[in-house]
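Asks: Below are the sequence and a predicted model; questions follow.
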Amino acid sequence: MASISFQEPAFEARNVTVTENGFMVLDDIFLSARDLDKPSDKLMFYIEEFPLHGYITNRNYSGSYKWLTRDDNIDSFNFEELSKRYISIWYYHDCSENTRDQFTIRLSDGIHSIRHVIYVQIVPINDEIPTVRHSGGVSVKRDQSARLSPFAIIADDVDTPNDQLYFIIKAKPQAGYFLRKKVKG
Ligand SMILES: [Ca+2]
Ligand SMILES: [Ca+2]
């Protein structure tokens, strides 16, 4: 007698926390599923909404994952293979500066489907170096002073706020000196 799927499978999913540029294995503790039918139906996971700032792959790329592309995403996998560790499913962060991501997984027993949105928290790291993107120099008249305005020097850092960026004077001027003045207001 052919088995008939009467019961919805049970599906629980945990959220993911990775450090920026990091990765996390999505094992059967993160994605726990159970079919209540006897004999149990084959349970499949389908990635319905892919992460925007990462990839879901079925192998460990160890050192070379920074070159993953959207083509490395898998769109489905079998729960039994996951729980028996025949496959390992990974979330890889794409090394961007985004701190939140999410993806949607659907569990299906062939008849019934249950979806979970899995939220990814990305712990930022300060790995980007600051850049000076414009330096117009400063012109000053003899015996007078000139302000080092943002026109003279601008610095940028994609992962460090401006109030945490410091200019360090490495070589002092030979025909003048620097003064720190409080700006009114
Ligand atoms: Ca960063
Ligand atoms: Ca930085």
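Replies: Nice, I can see it. Ligands and ions are numbered 1, 2, ... in the order given.

Asks: from here on, contacts and neighbour counts on C-alpha atoms
Replies: OK.

Asks: Let me see the ranges of the strands in the chain.
Replies: Here the chain has its strands, by DSSP state E, at 10-13, 16-19, 23-25, 31-34, 44-49, 54-57, 76-78, 90-93, 100-108, 113-123, 131-134, 154-156.

Asks: which residues touch the fifth one?
Replies: Yep, that's strand 44-49 we're talking about. With C-alpha atoms under 8 Å, 6 or more residues apart in numbering as the test, strand 44-49 has contacts from 74-79, 103-110.

Asks: quick one on the thing from earlier: among the strands of the chain, single out whichever gets nearest to Leu148.
Replies: Among the strands of the chain, strand 154-156 comes nearest to Leu148, with 9.9 Å by C-alpha to C-alpha.

Asks: For the closest one, name the packing helices and strands.
Replies: In terms of contacts (3 or more C-alpha pairs under 8 Å, 6 or more residues apart in numbering; DSSP states H and E), strand 154-156 is packed against strand 131-134.

Asks: hmm, the helix or strand bottoming out on mean pLDDT in the chain touching ligand 2?
Replies: The helix or strand of the chain with the poorest confidence is strand 131-134; it has a mean of 80 (mean pLDDT, DSSP states H and E). No: Strand 131-134 is not in contact with ligand 2 by C-alpha under 5 Å from the ion; minimum separation 9.3 Å.

Asks: likewise stretch 154-165?
Replies: Yes: if you take C-alpha under 5 Å from the ion as the test, stretch 154-165 does meet ligand 2, through 159-160.

Asks: what's the average pLDDT for that stretch?
Replies: Regarding stretch 154-165, the rounded mean pLDDT is 91.

Asks: buried ones in that stretch?
Replies: Within stretch 154-165, the residues that count as buried by 16 or more other C-alpha atoms under 10 Å are 157, 159.

Asks: chain center to it: distance?
Replies: A distance of 20 Å separates the centroid of the chain from that of stretch 154-165, by C-alpha atoms, centre = their mean, to the nearest Å.
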